[in-house]
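> just need the structure, nothing else, for what follows:
(3 chains)
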Amino acid sequence: MLILNCPYCGREKDETELAAGGEAHLKRFGPGSSDQDFEGYLFDRANPKGLHFERWRCAAGCGKWFHAARCTATLEVFGTYKAQTLEPPKTIRDAITAKRPGWSWRNFS
Amino acid sequence: MSTRLASHGRLINRAHAVTFTFNGRVMNGFEGDTLAASLLANDQMLMGRSFKYHRPRGVVASGGEEPNALINLGVEGHFEPNARATTTETFNGLTAASQNHFPTLEFDVAAINSKVARFLPAGFYYKMFIHPRSFWKHVYEPIIRKSAGLGKAPKARDADKYEHFYHFCEVMVVGGGIAGLQAAKTAAATGVRVLLVEQTAHWGGRAPVDGVRIEGMPAEEWIAATLADLAVRNNVVIRNRTQGSGVYDHGYALAYERISDHTPGDGRPRHRLWRVRCKQIVTATGAIERPLSFAGNDIPGVMLAAAVRDYVVNFGVSPGDRTVVVTNNDDAYRTALTLKQAGLEVPVILDARAEGGGILMAEALAAGIRVELGRGIAQVLGGKRVTGVQICAQAGEGSVLEEIACDVVAMSGGWSPVVHLWSHCGGKLIWDLDQAMFRPDPNQPPLGADGAGFVRVVGLANGHLRSAAALADAAAQGAAAAKAAGGKAKKTAVAKGEDAEELPLAPVWLMPQGASYKLRSKAWLDFQNDVKVSDVQLAAQEGFESVEHAKRYTTLGMATDQGKLSNINGLAILSKALNVDIPDVGTTTFRPPYTPISMASLAGEARGELFQPIRKTPMHDWHDSHGADWEPVAGWRRTYAYLQPGESVHQAVQREVINTREKLGLLDASTLGKIVVKGPDAGKFLDMMYTNMMSNLKPGRCRYGLMCSENGFLFDDGVVARIDEQTWLCHTTSGGADRIHAHMEEWLQTEWWDWNVWVVNITEQLAQVGVVGPNARKLLEKLGGMDVSAETLPFMAWADGEIGGFACRAYRISFSGELSYEIAVPANRGLEFWEMLMEAGAEFGVMPYGTECLHIMRAEKGFIMIGDETDGTVIPQDLGLNWAISKKKDDFLGKRAQQRSFMDNPDRWQLVGLETLDGSELEDGAYAIAVGTNANGQTNTEGRVTSTYHSPTMGRGIAMGLVHNGPARMGEVLSFTKIGAAPVKAKIVSQVFYDPEGEKPNV
Amino acid sequence: MKRNSVFAVAREAMRQHSGWRRTWGNPEPKKLYDVIIIGAGGHGLATAYYLGKNFGITNVAVIEKGWLGGGNTGRNTTIIRSNYLQDPSAAIYEKARSLYEDLSQDLNYNVMFSPRGVMMLAQTQHEIRGYQRTAHANSLQGVKTEFISPARVKELCPIMNIDGPRYPVLGALWQARGGSARHDAVAWGYARACSDMGMHILQKTEVTGITQQAGMVTGVDTSRGHIGCKKLGMVVAGHASAVAEMAGFQLPIESVPLQALVSEPIKPCMDVVVMANTVHGYMSQSDKGEMVIGGGTDAYNAYTQRGSFHHLEETVRALIETFPMVSRLKMLRHWGGIVDVTGDRSPILSKTPLGNTFINCGWGTGGFKAIPGSGWGFAELMAKGESPLTAEFGLDRFRAGRFIDESVAAGVAH
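Numbers count the residues shown, from 1 in each chain, chains lettered A, B, ... in the order given. Model prediction:
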């Protein structure tokens, strides 16, 4: 039973108040994109056993979508941040580094 | 025999006698008894039968770890199978019956299994019953099923109430023994909110029974004082009869309160499930005594040594007159001393240790009790009750040195900390070699959301068997937990505990250590499931080396006690058989709950009316009182048809169709989703949401729109009305409102967050009524108000106005193919409005109609229904809806997906109408049979029915379906499956059966 | 290997069962195998078994990080049915179901397949139509099912409440030859038979890397050293993404917890398997007498083999509505597994970007029932490069937009 801090409400929210939305920071590919890119966007998932950037919605609260950096093996939460971004902000990256030095994700580490 | 003593009994109230029945026999007990104590007081040692061999079973323990004394408790709506007699408080009128025997507890025919036990070793069923094939299901399995199971299946509906509590605190302390009390006291002193729960009715745990002194006073006094101190603090909540049942991720925990199990019928809920959110959990859950593995250790009368002492001290019950104590540690001497002090006989203490024990042994010797060192039990004598023991050397193979008559054997193999709650969320264990026990590894705790440990284990549960160390541990960790949870550090005194010094135990996993096969095959590990030492050894011999394999192969630890007594002993036998150390074998996973909790408590109050409460439109009750035959639709109920007296559902539906087509029908359309989309970028946004163009819709006009998922599939439809320059109102399907609203929010917030758009779901703000049929305009004009003429309000237009005094919005849209208005009024006036329409419409032949009539009318028109023509695999192109897919737009959700090779392909199943040659109805879901079979031998298909009805308008069966290249095959005849009959021939036709030119709605 | 029979048990009973040998071997790894299967769960072991039995390929190692059958094979609710809607699903699940019929005899190991019948309740008009459609499809797929009336439902399962009020039972899709089996025995039986053919089951051996040369896999690095192979099969369910990543490709898979629970055992009261999809819950009674109950998945990715408690509350509520007697039972134990869910909720049995490497995953919540059919088809795919059973389950379907979507009829895919 997870607890995540909604960065809009600024409050800890019980999992029952939230809706999970899968992997975050997927780039949308629309008309004109290659079959491979479109498949990757719609289906291929990192599904890591470890650090996962993922989407949540404060469904029974403020209704806002936000992102969480969470470990899928220990369920540790490194931080949450607003969804209106293309990449995890520096504060989150620093928080991860503090707990899991040597981590990497795409071009970040 | 077992009986009530005149002395002792600290927990019973001798002034309050109670009567109860066991197997129909009336018995007496005292308030404060457990049922097990009451039964023993009535000389009822035999309490049940084992699972596999149906061997006689007596009570072995005194708490939640009891595997044997399980009973059918109560009757009818209050019946509970598998109630543990050791945790059931005796009350006046209690009804109990023993389980798992036929015909009686004393004489059970299935006990024959015990006689042939050697043919039924671990895993025997995997090796037998293989031939002939049909015999497993029809012969062997029914016999096995019948002899398995324990309690009776409940029959009557639950007559009790249940509820949930939500509780928030910083520190939850589980266990109300002295360690739990000390931890709670220390934590509470820092000011944080503390919850302290204790599963039994009593506080203090074992300490009062074991003669512990704290701060120079008897434990009982310190316990009372500490409780009193906690009770007056307003940051502390304490609850007895409440078990900490499970620990879950991120500081979530379950507590299971048995409010009125002992006071049934007093009006209170039976159980209450506490859903606790806390920062830190301190478990002070104590330890469980281990049995010793010797032949005949399952015979009724063989009990745990501490349990024997509990019955004497707590309940004033003597389990027997002559008790042989057998032990590998000092603690069991306390039992001998207690018995002696109660005036009972202890013919001998058998101490498996060659050197024996310390102070307690000296006390026993001083009390005149015979002590034999390096001795054990070769075999217990007796059938349904112990009659004696054969003594042997522990170091030997079981040669009998002496026989001693007795009626109880009190055994102690040492103690196992209760680490369940620590382990539920991944806390790891270490093997404590000196004390021969698994205890929590403080370096590998369960981790919380912040990656730090959030569970601490204190006292006995943390391996501190002596009270001084247990209290010091509890104080230190109680303070640490409070600090970690945000409390202010505050020095509180640690209570000083005193109890007798003890010498270390000597691990004894088999008695005698060289026991022969004959003895090993009678030495029980799991009393309930009938798993013996020889079974675990056989598992190892056959390669079931993993502890999980051995458990599953032998069923060790899979009984209702989940191995609380058997796991460590079984592990030790397995490790010996594999010749590896115990920690290298590992443990099985501890899973919640700690002991079984009622299913009803999980459900709480959400049952009956409160199980998924029904959403109701403003007119719901009117429908209900006018013959509504209901249909569940999403969270709503919608009227399937309104039954008039004497009508069948089918007749009602046919009548409603004809009446609406010929005169006038009313539909409660309030459940349709209504979403307002507003803002400078709203048009651009809706162009992405819908396959067709919405930005160029003129204010005052309506347009039918399609929505696809990003994966290309059609998933909702509805009429969109443009309200003003920046505002659109989108209708969705009844089931789709919340989903579509969330879908729009998701795209706005996570992809196009710089677009200026607001989305609001106003579904429940409005009541909406379809006024449908040739007389629709006449009715509205009679009521007066806004101009609803064809000129002012043409087809696919909308207008705000007033009808019959009701402010409303009227849409000229039609899903029926008739002249039709959908009129929205504020929800709170919906019923009034509906009733006005019904009354004023009488002269025009008005009748309400339901969802099935709606379906038939739309099918007669060839309109698709989401969920019928679509199933998540259909794209708009399959449904002849290309006209609703904009070619002008660069992008919309689903556009890219529909360009993939399998979708961008004309060679698909496409929508057509179907007419059977004989006028009958095709069956729902029927498939069109094609020639030949596929590579897997399945008959090929070339289409399927998506909607099929008897059309009263056409006077025949009509259907729609998806057919391979269907539109190009008009007039072809296909064969459709009919269950249990020959295929049915049907012709491909246009799906528009009624008014193909569309003249009727446009008048 | 000693033949199992009542006579063998009787003979051993006379000599204190001293003659029973290991059920499977515990060999040292060889340097090179013709085939390595990663994952000794039901699907991996069945693949190995049919490689040997159907294609004579016995130089096979099945590598397992933990203990065989210890993943979802040993954690599921043991339901076996094949009443699927889409042709490819019905084909592979019916192949599996029909193999289950004779599996005890084939393996000489009693897997306790019990065709007690499976019913899926229709509790909305939409569900009625969905299941009627499935019955029509099944009639052409060689799967014996029928849509039955509420009265027949009550007759087959007297403890059920069919009168609602929230969701009255309106009928059910009934597969009389569906049922259940003893999950552990399926893994053990296959392992025993594989071992008997000379295959190596390497338990407590963790794969840490996959070695490649020119687009072909050459072997695997393990906690016991490098082991070479000519062909590689990945059959690791919840950990499919992690193993695929070692091989350098991504999968359309997410791993989520799925939970189940059992009650304390009671005397027999339910002889059929019931699935109620509208309210999300399914239940059967094991031979031990426990009511075995399954629910839905958690919505977030996790590898913890435990889930969130509120899902169990929802499941139990649903079951109390359907079977009021459940209210008076007690929950004995609940647990979780990690299920691998694909983009269309159907499995992947496929070639991979690496020439000699194959993957079998994505069974989600429905893998146990498929074990023999999955092993049969996947063995054929690995041996011959193609199999009619697996043809539609390729990874390429996601690019083409050609999905196998079972949720259309059932609402859920388990």
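> rest of the way, CA atoms for contacts and neighbours
Will do.
> three-state assignment of residue C:10?
Here residue C:10 is helix, with the state taken from DSSP: H, G, I helix; E, B strand; the rest coil.
> how close does it sit to residue B:404?
36 Å (C-alpha to C-alpha, to the nearest Å).
> could you do residue B:718 as well?
Distance from residue B:718 to residue B:404, by C-alpha to C-alpha: 88 Å.
> residue C:191 should be in a helix, yeah?
Yes. Counting by three-state DSSP, residue C:191 is located in a helix.
> state the distance from it to residue B:208.
53 Å.
> more neighbours: which of these two?
More crowded of residue C:191 and residue B:208, by other C-alpha atoms under 10 Å in any protein chain shown: residue C:191, with 30 against 22.
> contacts only, for the more buried one.
C:23-24, C:45, C:201 (C-alpha atoms under 8 Å, 6 or more residues apart in numbering or on different chains).
> now with 10 Å, please.
C:23-25, C:40-42, C:44-46, C:48-49, C:62, C:68-69, C:107, C:185, C:197, C:199-201 (C-alpha atoms under 10 Å, 6 or more residues apart in numbering or on different chains).
> so which of those sit within strands?
C:62, C:200-201 (DSSP state E).
> looking at those, state which has the most neighbours.
Neighbour max across the ones in strands among the contacts of residue C:191 (other C-alpha under 10 Å) = residue C:201, 29 neighbours.
> can you pull the pLDDT of that residue?
Residue C:201 carries a pLDDT value of 98.
> assumed residue C:338 was part of a strand.
Yes. Judged by three-state DSSP, residue C:338 forms part of a strand.
> that one - how many residues pack around it?
Neighbours of residue C:338 (other C-alpha under 10 Å): 28.
> give me the phi and psi angles of the closest residue to it other than its chain neighbours.
Nearest residue to residue C:338, sequence neighbours excluded (C-alpha to C-alpha, 6 or more residues apart in numbering or on different chains): residue C:257, at 4.6 Å. Main-chain torsions, residue C:257, degrees, to the nearest 10: phi -80, psi 140.
> can you give me the distance of residue C:257 to residue B:448?
18 Å.
> how about residue C:76?
Distance, residue C:76 to residue B:448, by C-alpha to C-alpha: 27 Å.
> kindly report the residues of the stretch 401-550 of chain B close to chain A.
B:425-426, B:446-452 (C-alpha under 10 Å from any C-alpha of the partner chain).
> tell me which residues touch residue B:17, please.
B:28-33, B:91-92 are the contacts of residue B:17 under C-alpha under 10 Å, 6+ apart.
> repeat for residue B:959
Contacts of residue B:959 were listed using C-alpha under 10 Å, 6+ apart, and they are B:856, B:859-860, B:862, B:912-916, B:921-924, B:945-951, B:986, B:988-989, B:991, B:993.
> of the residues you listed, which belong to helices?
B:856, B:859-860 (DSSP state H).
> so which of the residues you listed would you say is closest to residue C:323?
Closest approach to residue C:323 among the ones in helices among the contacts of residue B:959 (C-alpha to C-alpha): residue B:856, at 35.1 Å.
> quick one, helices of chain C?
Going by DSSP H, chain C shows helices at C:6-13, C:42-55, C:87-101, C:103-107, C:125-141, C:150-156, C:183-196, C:240-247, C:309-322, C:371-384, C:397-400, C:407-410.
> show me how far the first one is from its chain's centre.
Put simply, helix C:6-13 sits 32 Å off its chain's centre (C-alpha atoms, centre = their mean, to the nearest Å).
> need the contact partners of that helix.
Residues outside helix C:6-13 that contact it (C-alpha under 10 Å, 6+ apart) are B:116-121, B:124-125, B:127-131, C:2-3, C:5, C:17-20.
> give me the buried entries from those residues.
Among those, the ones that count as buried by 16 or more other C-alpha atoms under 10 Å in any protein chain shown are B:117-121, B:124-125, B:127-130, C:5, C:17, C:19-20.
> inside strands: which ones of those residues?
Using DSSP E, none of the buried ones among the contacts of helix C:6-13 sit in strands.
> and chain A, which of these reach it?
Among those, none lies close to chain A by the criterion of C-alpha under 10 Å from any C-alpha.
> show me just the buried residues among the residues of the stretch 401-550 of chain B next to chain A.
Buried among these by 16+ other C-alpha under 10 Å: B:425-426, B:446-449, B:451.
> those in strands, which ones?
Those of those lying in strands (DSSP E): none at all.
> which secondary element of chain B has the worst mean pLDDT?
In chain B, no helix or strand scores lower on mean pLDDT, DSSP states H and E than helix B:112-115, which sits at a mean of 83.
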